[in-house]
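J.: give me a 3D structure for the following:
(12 chains)
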12 protein chains.
Amino acid sequence: MSIARVTEISATSPESFDDAVKQGIERASETLRNVRGAWVKENKVNVENGKVTSYVVNLMVTFELES
Amino acid sequence: MSIARVTEISATSPESFDDAVKQGIERASETLRNVRGAWVKENKVNVENGKVTSYVVNLMVTFELES
Amino acid sequence: MSIARVTEISATSPESFDDAVKQGIERASETLRNVRGAWVKENKVNVENGKVTSYVVNLMVTFELES
Amino acid sequence: MSIARVTEISATSPESFDDAVKQGIERASETLRNVRGAWVKENKVNVENGKVTSYVVNLMVTFELES
Amino acid sequence: MSIARVTEISATSPESFDDAVKQGIERASETLRNVRGAWVKENKVNVENGKVTSYVVNLMVTFELES
Amino acid sequence: MSIARVTEISATSPESFDDAVKQGIERASETLRNVRGAWVKENKVNVENGKVTSYVVNLMVTFELES
Amino acid sequence: MSIARVTEISATSPESFDDAVKQGIERASETLRNVRGAWVKENKVNVENGKVTSYVVNLMVTFELES
Amino acid sequence: MSIARVTEISATSPESFDDAVKQGIERASETLRNVRGAWVKENKVNVENGKVTSYVVNLMVTFELES
Amino acid sequence: MSIARVTEISATSPESFDDAVKQGIERASETLRNVRGAWVKENKVNVENGKVTSYVVNLMVTFELES
Amino acid sequence: MSIARVTEISATSPESFDDAVKQGIERASETLRNVRGAWVKENKVNVENGKVTSYVVNLMVTFELES
Amino acid sequence: MSIARVTEISATSPESFDDAVKQGIERASETLRNVRGAWVKENKVNVENGKVTSYVVNLMVTFELES
Amino acid sequence: MSIARVTEISATSPESFDDAVKQGIERASETLRNVRGAWVKENKVNVENGKVTSYVVNLMVTFELES
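T.: Down below sits the predicted model:
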């Protein structure tokens, strides 16, 4: 019998979507134990003066609860 | 690099949907810091004797985590 | 063992979405017994000369069947 | 044979969702002729210090093109 | 005025989907108070050598917050 | 030329999801003739004191109308 | 204040999807008064020996209730 | 590097859905250059006295912008 | 115990959507045995010089596997 | 670098949904190698004389391709 | 009171999805003022001789209208 | 008259999402002829010890069938 929890985080990076995903996972792993994976729910960008200033990903992060 | 969490709450009010949203945000802000906004996921009403007795909103609340 | 039915109604009001919901529930309760609640499926408005003339809500109304 | 166009607008009001809808329709009707109606695609709120500061609606506005 | 939270858990059982639901609710209730109900978001199975080895359900669990 | 109607029912059982489906179909067939089948739209459970107390299924039931 | 009901029918024709829609509306109008319109929810075909034998449309039919 | 825009139109014809698509594309091409294609988002019919009076299609029309 | 497979095909015709469906089923039946039916997943059109040049349907085709 | 394929099957059982899933996986594993798991896309039942005669599940089955 | 419009563009790049997003925003900002951000609706690739030849993103671009 | 098939593959890469797409297309093209393009259905990542270990994309790959 195993139980996991799924929580949604939103990570922002000035570099790229992939970087936002990596940073989001690393930050989440500081607070959550046994992070197993994540599903990308949404990708957005912020724009100023016609340029992309940041990449935003919403991730559904799965982490296992100890029995 | 900024990280936010998104959590789902369900708020009920006898007055109106707008009131349920306001109350839900205020109550969530008692426990969560840096609440930035919310997306209305679902609106429902409870009914007794042919009258609406309460308005229920499900909100996806975004709050920023300190680095 | 309990059984309920779910039926879709569309209610229109010149006042507001909340009013359209209330009226819709009251009218449905004239014909249906044991109305327990409703889920708001859709919100629309009709417009004439640049003004909102009516608010339209589509409700999924749940009512219990007697065994 | 009639043709209409559907365009998405996002309207913000400090008062309520209904007010944001009304204002959005009025502003859209300044630029677009023959606005017939709108479907509410999304409701969001912005929050500061635990209070709702503005109500945001995304509307799919239908307006008829002259033949 | 009542507020509830909705959290997503993923429960795995070697027996059946119904058993995974039961176990998931029981485990969640160890950590969360006032669990009222859950909506089944997703059903999956894991397979080895052509046999189902485990049933996995993702549940959206609703639990009431004390005022 | 054949015409069928589709109606949504919600059936509750203390036993299991499969039992809720069976009971829902049997009860619907008392009032509706020529029930051909049903699609499971939604599965929910009610919970008290950390235990599942009932299984709820929403079914889209198809029944044929006589010409 | 106007109220309408929305009901789902499934109509089958050996000719075409358009014909199935027409027939479905005509048959529904025999039992329901004030039918205003319908939204096509789903199109399917039945096949035998590599040939389409019938066209099936699921329609969400809106009809107005008298006050 | 190529950029296209996607706009939603709603076309109505008394004949058939296919005719409504054709007319919609022809009318859109009067105002928009380099129309490449369209995706059918929605099909509806209007009804009077139990008869289909018009076929309505919502099209997502893609047209290329000159660099 | 019966098992069927569902495969997605995309069929194009210069005539109409119905024709694209018929042709798609006939072509699929050359390679697949026991085709039972199909669900229309998507309708698109290709356009050149303001005219519809072809109708494209994506079909989810169900065919039964022999035990 | 690993590649998997996802294929949709529809499995029918007179017993229960869980049984239909088990049988579907076993039958698929006769033809497909390295089946890893499946996601339940849809649950339906067939009905005769007011009784459920069969349980139908549509499964998205994932199986690994050898490099 | 602020009003924004949301328009859909499709941008293609031979490099990567991120590049297609950047180029799409830059091109859109040539014609549209006050572009604030965009939501990635869809990612596709074109293929020739077994190689990816271009990355295509559909973006929902939000730009503010002056009052 | 042209017919294409659409099949779902899942490709994994330790590098990035774009790399997983490229590899997936190249591997699919070894077994399938006339691959024309693909639509990105889903992006996931696997995580170990707080680090992203692999990027997983689910692609709907379209390939043309010879008449």
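J.: what residue in chain A comes nearest to chain K?
T.: Closest to chain K within chain A is A:Gly50: 3.1 Å, counting by C-beta to the nearest C-beta. In this view, the C-beta of every residue, glycine as well, is placed from N, C-alpha and C.
J.: and the gap between that residue and K:Arg36?
T.: 11 Å (C-beta to C-beta, to the nearest Å).
J.: what of A:Leu59?
T.: From A:Leu59 over to K:Arg36 the distance is 23 Å, taken as C-beta to C-beta.
J.: name the residue in these two with the higher neighbour count.
T.: Using other C-beta atoms under 10 Å in any protein chain shown as the criterion, A:Leu59 and K:Arg36 rank with A:Leu59 on top: 26 against 13.
J.: surely the more buried one is in a helix?
T.: No - the assignment for A:Leu59, made by DSSP: H, G, I helix; E, B strand; the rest coil, is strand rather than a helix.
J.: beta partners for the nearest residue to it once chain neighbours are set aside?
T.: Excluding the flanking residues, the one nearest A:Leu59 by C-beta to C-beta, 6 or more residues apart in numbering or on different chains is A:Ala38, at 4.3 Å. Going by DSSP bridges, A:Ala38 is paired in beta bridges with A:Val61, L:Val45.
J.: over to A:Arg5?
T.: A:Phe63, E:Ile9.
J.: wait, what's in contact with it?
T.: A:62-63, A:65, E:7-10 (C-beta atoms under 8 Å, 6 or more residues apart in numbering or on different chains).
J.: any idea which of these is closest to D:Leu32?
T.: Sorting the contacts of A:Arg5 by how near they are to D:Leu32, with C-beta to C-beta, puts E:Glu8 at the top with 41.2 Å.
J.: so, low pLDDT: which residues of chain A?
T.: Chain A contains residues with pLDDT under 70 at A:67.
J.: quick check: A:Phe17 vs chain C, distance?
T.: Computed with C-beta to the nearest C-beta, to the nearest Å, the distance linking A:Phe17 and chain C is 32 Å.
J.: can you pull the contacts of the nearest residue to that residue once chain neighbours are set aside?
T.: Leaving aside its sequence neighbours, A:Phe17 sits nearest to A:Tyr55 (C-beta to C-beta, 6+ apart; 4.9 Å). Listed by C-beta under 8 Å, 6+ apart, the contact set of A:Tyr55 reads A:12-17, A:19-20, A:43-45, K:18.
J.: go through those and flag which are in strands.
T.: A:12-13, A:43-45 (DSSP state E).
J.: want to try CSV for those, with distance to E:Ile3 and neighbour count as columns?
T.: Below are those laid out as CSV (distance: C-beta to C-beta, whole Å; neighbours: other C-beta atoms under 10 Å in any protein chain shown):
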residue, distance to E:Ile3, neighbour count
A:Thr12, 28, 21
A:Ser13, 33, 19
A:Asn43, 31, 23
A:Lys44, 28, 20
A:Val45, 33, 23
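J.: before we move on, back to that, which residues touch the residue of chain A closest to chain K?
T.: Contact analysis of A:Gly50 by C-beta under 8 Å, 6+ apart lists K:25-26, K:29-30, K:35.
J.: which ChimeraX command selects the buried ones in those residues?
T.: Buried members of the contacts of A:Gly50, defined by 16 or more other C-beta atoms under 10 Å in any protein chain shown, are picked up in ChimeraX with:
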select /K:25,26,29,35
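J.: now go through the contacts of A:Gly50 and say which are in helices.
T.: K:25-26, K:29-30 (DSSP state H).
J.: now these in a markdown table, with distance to chain B?
T.: Shown next, in a markdown table, are the ones in helices among the contacts of A:Gly50 (distance: C-beta to the nearest C-beta, whole Å):
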| residue | distance to chain B |
| --- | --- |
| K:Ile25 | 20 |
| K:Glu26 | 24 |
| K:Ser29 | 24 |
| K:Glu30 | 29 |
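J.: can you tell me the closest non-neighbouring residue to A:Ile20?
T.: Just so we're on the same page, residue A:20 is Ala rather than Ile. Excluding its sequence neighbours, the residue lying closest to A:Ala20 (C-beta to C-beta, 6+ apart) is A:Ser13, at 3.9 Å.
J.: how near is that neighbour to F:Glu30?
T.: Remark: distance between A:Ser13 and F:Glu30 (C-beta to C-beta) = 59 Å.
J.: could I get the contacting residues of the closest residue to A:Gly24 other than its chain neighbours?
T.: Leaving aside its sequence neighbours, A:Gly24 sits nearest to A:Ala11 (C-beta to C-beta, 6+ apart; 2.9 Å). A:Ala11 makes contact with A:20-21, A:23-24, A:27, A:56-57, A:59, B:1-3, according to C-beta under 8 Å, 6+ apart.
J.: from what I see, A:Ser2 and A:Phe63 are in contact.
T.: No - using C-beta atoms under 8 Å, A:Ser2 is not in contact with A:Phe63; the gap is 11.7 Å.
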